[in-house]
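Participant: turn this into a model:
(chains A and B, ligands or ions: 2)
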Amino acid sequence: MNYIIPQSELKVVGTRPVRPDGVDKVTGRATFGADMTLAGMIWGKMLRSPHAHARIVAIDTSRALALPGVRAVVTAADFPDIASEEAFVGEGPMNFRDLSRNCLARDKVLYEGHAVAAVAAASQSVAEAALDLIDVTYEVLPHVIDVEAAMAAGAPILHEDMFTVGIEPKPTKPSNIAKRVAFAKGDAEAGFREADVIVEGRYTTQPVHQAYIEPHACLAQVAADGQAHIYSSTQGQFMVRAYCAKVLGWEIADIRSYPMEIGGGFGGKTLVYLEPVALALARKAGRPVKMVMTREEVFRASGPTSGAVIEVKIGARRDGSIVAAREVLKYQAGAFAGSPIGPGCMCGFAMYDLPNVDVVGYDVVSNRPKVAAYRAPGAPITSFAVESAMDDLARKLKIDPLALREMNGARDGSKTHYGVTHRDIGFLATLEAARSHPHYSAPLKPGQGRGVACGFWFNIGGESSGAVHVNEDGSISVVSGNPDIGGSRASMAMMAAEVLGVPIEHVRPIVGDTASIGFSHLTGGSRVTFATGMAVTQAAERVVDQLKQRAAQIWEIPAEAVEWKDGKAYPAGLNAGAFEPLSLAQIALKAGRTGGPISSEVTLNAQGAGPGFGCHICDVEVDSETGHVKILRYTAVQDVGKAIHPSYVEGQIQGGAAQGIGWALNEEYIYDKDGKMENAGFLDYRVPVASDLPLIEAVMVEVPNPRHPFGVRGVGEVPIVPPMAAVANAIRAATGLRMPDLPISPPKLRAALDAASGAKAA
Amino acid sequence: MSKHHVTTTINGEETEFLCETQETLLDVLRNTLNLTGSKEGCASGDCGACSVIADGTLVCSCLMLGVEAEGKTITTVEGIADGETLHPVQRQFLEHAALQCGFCTPGFIVATKALLDANPDPTEEEARYWLAGNLCRCTGYDKIIRAVMDAAAEMRGEARAA
Ligand code: FES
Ligand code: FES
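Facilitator: Numbers count the residues shown, from 1 in each chain, chains lettered A, B, ... in the order given. Ligands and ions are numbered 1, 2, ... in the order given. The predicted model follows:
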């Protein structure tokens, strides 16, 4: 598909209008998950495991049920015990049996915070009091937290029926290693023999939480005939509907799922935690039930992404050409299988054109919350290791780090080690933009250091629906099936306005519930502006066809003789000038007499999401006394395809970079010896605040994706991939120290600095 | 459980409500008065999503009890605009696209108003430290800070800073 409108003639796409839902969001009117109420609503609360690993011997709910005001209690016994079944939900596979057991534990609790039972009561205080009256008898089991400890022989086993997949012959003993994956290209062994220079390293990263500011929240209502409504803060209303139906054993058509405004997700709201439980409570209680997680629950029981151990080895010739690369990755999955080990194995070396590659990855369970997707799942972890090693390689070879990447960078036709051949990619253009940016050559003061690192993400397309309706007065309604997590209403409206030739103010976009618009895959994988945008664009094109037809009918000329321009129908060809042009409003007014309403809904499965590349430049200053790292300047360059609303594209880049900086310097899950999380709050799990960061310059390189009508590529995930290595490489430049373990927190860096100066003094 | 009767002024209107002793002002605003613009991100004073102005002071309404509102004058995000006319801070947030999900936005709007009431000409650093109690996970703060600086300039009657 080619650009339907030449880039130079774009009137709306590429501008920066105020977002259509903006006023609601600055005045407090927008309705988020926890803001919804229904008549007769009561409150649900979850009882959670105090143990990291224990067998549930018995649950006695009788005392809780006897408390005045308590309307219902549910446990896993109220849910069907469903069989293992995998479905692919966009960014990773989901096993419904695990999902169900994560919503409410059955037989065993697998992490501290694992949901065990839930109550619904007239008020929050009664619900809380009732939790204390649920008697659970546990048999505490030995637990394991760290990934390598979980892999070791003799480790406490979480799932007796887990046998490592991907090993021949099939193992006979259960293991915490859910699977082993491997990718190879060429002959890495032989490649390393040709290398003049080899760098090697062992890197570790800690689990970090998506830390959306809005905790999970939902409101459920079930009528006497079993028809249910669920209002929730989610990245996908259709996902909520499907998952709830599965976990509860209900029919999909009986559940209507409404997407509320969502206060951030970053991948963490691509599955359900509360929704099936709230529905079960609502059915039992015969009343609408609202459930909202506390921040503590968010940390202990939702998200995070994997922590990992990564070993990297890269070999190059003296001229800088890489001859071999190897990586071993061990990713924590949390309590159930399903870490992003696949993307982890692919993304690290995806940016480079390498002759010989050998990558092995392990998906490992331990007694931590089940991981959820987090922005480019798996990629930031592997890239922290690979991009740190690339920096070491550049130093060893005395080659500029960007030049080294350019020399080995993937280009059109490069074949990756996972089999895909890159097409129409913008990696080299991104590197060039970084290299020529004034930041890259700006002088540094003594004690300061500059680091660069790159990142890659696939981006996805998938199933999407979009509808465009012409209203009676010629104004336009646009409906999509994707929650607006970062301004997508604006981009949907802009694409429709562009095609229709009308001002953006006449286009009102909404996000439909599951009964108002066709199926749409969730908001994730950086897919919405690409895939849903494609559906909306096609719907708008069909509406233009209808408008031309109606004008032709009014003029009594053939439809081919009508041209659509600037929101008006013009007679063309032989009829040019024969009639006054008809505006959209004039045609809309006559719609009833020319064939009925003018509207179109397009459903599609979008293919050809172009991958994205980023290159970040980071300057730091290290306080040698405290080990504190100050980010002085940060520039993030990214190939964005085509920015529909540049401000929101920049916002994605800046926000991703900030999250990555937090991952690099501060964020981590800390456990005590009993396997309990010690820092389940924003005071001790410290995300970056305004005073931690400088302005973040986002540089957009536009290498259009030829498979989208406007050239769009996903942009939301790439920017979280480079920061950890960019920061670590800057610290390396400032201090001479390679810091391989995240986060590079002040005490850790201070200890390393002290050790280094001690070694020097000795 | 007997409830307390509280009389207060919220967004310019005299308001009465009943609340339990342990209920926070945030609970009362959201669940009793249906003023859901103030958000709960943490309930521990760490995120600023619940920011309100009480008798001229910026506070986390999750750290204040409902009963403490007695006799006070409270401004929430719902009271920042003048009817249908947006406050310059709100307008600048929109023009700068200083929000993505918008969940932190009410808190930032209220905190910024309090900042500019107290200090009409903050430096970028002063703005960053004042707003350090408000978490935003989406934007990286870049556009927020630009919006704050431009709102300050606008309110001082100066041309846009950026
Ligand atoms: S909810 Fe009050 S500070 Fe977070
Ligand atoms: S815009 Fe989402 S938290 Fe600030």
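Participant: got the residues of the stretch 51-200 of chain A near chain B?
Facilitator: Proximity of the stretch 51-200 of chain A to chain B, by CB under 8 Å from any CB of the partner chain, involves residues A:124-125. (Glycine included, C-beta is placed from N, CA and C.)
Participant: for the stretch 51-200 of chain A, just list every one of the strands.
Facilitator: Applying DSSP state E, counting those that start in this stretch to the stretch 51-200 of chain A gives strands spanning A:54-60, A:70-75, A:86-88, A:93-95, A:108-109, A:115-121, A:135-140, A:177-185, A:197-205.
Participant: looking at the ones you listed, which one is packed in the most?
Facilitator: Ranked by mean neighbour count under mean count of other CB atoms under 10 Å in any protein chain shown, the strands of the stretch 51-200 of chain A are led by strand A:115-121, which reaches a mean of 27.
Participant: who does that one touch, helix- and strand-wise?
Facilitator: Packing partners of strand A:115-121 (3 or more CB pairs under 8 Å, 6 or more residues apart in numbering or on different chains; DSSP states H and E): strand A:42-48, strand A:54-60, strand A:70-75, helix A:124-131, helix A:275-285.
Participant: tell me the residues on chain B that lie near ligand 2, please.
Facilitator: B:99-104, B:136-139 (CB under 6 Å from any ligand atom).
Participant: can you lay out those as JSON lines showing secondary structure and neighbour count?
Facilitator: Listed next are the residues of chain B next to ligand 2 as JSON lines, based on DSSP: H, G, I helix; E, B strand; the rest coil; neighbours: other CB atoms under 10 Å in any protein chain shown:
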{"residue": "B:Leu99", "secondary structure": "coil", "neighbour count": "29"}
{"residue": "B:Gln100", "secondary structure": "coil", "neighbour count": "28"}
{"residue": "B:Cys101", "secondary structure": "coil", "neighbour count": "29"}
{"residue": "B:Gly102", "secondary structure": "coil", "neighbour count": "30"}
{"residue": "B:Phe103", "secondary structure": "coil", "neighbour count": "30"}
{"residue": "B:Cys104", "secondary structure": "coil", "neighbour count": "31"}
{"residue": "B:Cys136", "secondary structure": "coil", "neighbour count": "30"}
{"residue": "B:Arg137", "secondary structure": "coil", "neighbour count": "27"}
{"residue": "B:Cys138", "secondary structure": "coil", "neighbour count": "30"}
{"residue": "B:Thr139", "secondary structure": "coil", "neighbour count": "28"}
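Participant: closest to ligand 1 out of the residues you listed?
Facilitator: Closest approach between the residues of chain B next to ligand 2 and ligand 1, by CB to the nearest ligand atom: B:Cys104, at 9.8 Å.
Participant: that closest one reaches B:Leu135, doesn't it?
Facilitator: Yes: assessed by CB atoms under 8 Å, B:Cys104 is found in contact with B:Leu135 at 6.4 Å.
Participant: contact partners for the spatially closest residue to A:Pro688 that is not a sequence neighbour?
Facilitator: In this structure, A:Pro688 finds its nearest non-sequential neighbour in A:Gly662, 4.5 Å apart by CB to CB, 6 or more residues apart in numbering or on different chains. For A:Gly662, the contact set (CB atoms under 8 Å, 6 or more residues apart in numbering or on different chains) comprises A:208, A:686-688.
Participant: could I get the residues of chain B next to ligand 2 as CSV with distance to A:Leu271 and pLDDT?
Facilitator: Shown next, in CSV, are the residues of chain B next to ligand 2 (distance: CB to CB, whole Å; pLDDT from 0 to 100):
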residue, distance to A:Leu271, pLDDT
B:Leu99, 25, 97
B:Gln100, 21, 97
B:Cys101, 18, 97
B:Gly102, 23, 98
B:Phe103, 19, 98
B:Cys104, 23, 98
B:Cys136, 24, 98
B:Arg137, 19, 98
B:Cys138, 20, 98
B:Thr139, 25, 98
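Participant: closest one to A:Leu67 out of these, please.
Facilitator: If you rank the residues of chain B next to ligand 2 by distance to A:Leu67 using CB to CB, B:Phe103 comes first, at 33.4 Å.
Participant: tally of neighbours for the spatially closest residue to the closest one that is not a sequence neighbour?
Facilitator: Sequence neighbours aside, A:Gly263 is the residue nearest to B:Phe103 in space, at 2.8 Å (criterion: CB to CB, 6+ apart). Number of residues near A:Gly263 (other CB atoms under 10 Å in any protein chain shown) recorded here: 30.
Participant: before we move on, what about A:Gly264?
Facilitator: Number of residues near A:Gly264 (other CB under 10 Å) recorded here: 25.
Participant: any weak-confidence spans in chain B?
Facilitator: Within chain B, the segments meeting pLDDT under 70 span B:1, B:159-162.
Participant: show me what contacts A:Leu397?
Facilitator: Contact analysis of A:Leu397 by CB under 8 Å, 6+ apart lists A:197, A:316, A:318, A:320, A:404.
Participant: do the same with A:Thr31
Facilitator: Shown in contact with A:Thr31 (CB under 8 Å, 6+ apart): A:260-261, B:36.
Participant: looking at those, which is nearest ligand 1?
Facilitator: Nearest to ligand 1 among the contacts of A:Thr31, counting by CB to the nearest ligand atom, is B:Thr36 at 13.0 Å.
Participant: chain B: helices as residue ranges?
Facilitator: Assignment of helices within chain B using DSSP state H yields the ranges B:25-27, B:88-95, B:105-118, B:124-130, B:142-155.
Participant: from B:Arg156, how far out is B:Asn119?
Facilitator: With distances taken as CB to CB, to the nearest Å, B:Asn119 is found 11 Å from B:Arg156.
Participant: ugh, wrong one, B:Thr36
Facilitator: For B:Thr36 relative to B:Arg156 (CB to CB), the value is 33 Å.
Participant: do the same with A:Phe456
Facilitator: Distance from A:Phe456 to B:Arg156, by CB to CB: 45 Å.
Participant: give me the more crowded residue out of these two.
Facilitator: A:Phe456 (30 against 11).
Participant: next, give phi and psi for the residue of chain B found nearest chain A.
Facilitator: Per CB to the nearest CB, B:Gly37 is where chain B lies closest to chain A, at 1.9 Å. When read as degrees, to the nearest 10, the backbone of B:Gly37 gives phi -60, psi -40.
Participant: hmm, B:Ala81 and it touching each other?
Facilitator: No: with contact defined as CB under 8 Å, B:Gly37 does not count as touching B:Ala81 (10.8 Å).
Participant: mind listing the shared neighbours of these two?
Facilitator: By CB under 8 Å, 6+ apart, the residues touching both B:Gly37 and B:Ala81 are A:Thr27.
Participant: what residues of the helix or strand harbouring A:Pro380 count as buried?
Facilitator: Using DSSP states H and E, A:Pro380 sits within helix A:379-397. Neighbour counts over helix A:379-397 (16 or more other CB atoms under 10 Å in any protein chain shown) mark A:379-395, A:397 as buried.
Participant: beta-bridge partners for the residue lying closest to A:Glu697 once chain neighbours are set aside, please?
Facilitator: Among residues not flanking A:Glu697 along the chain, A:Thr635 sits closest, at 4.5 Å (CB to CB, 6+ apart). Taking DSSP bridges as the rule, A:Thr635 bridges to A:Ile617, A:Glu697.
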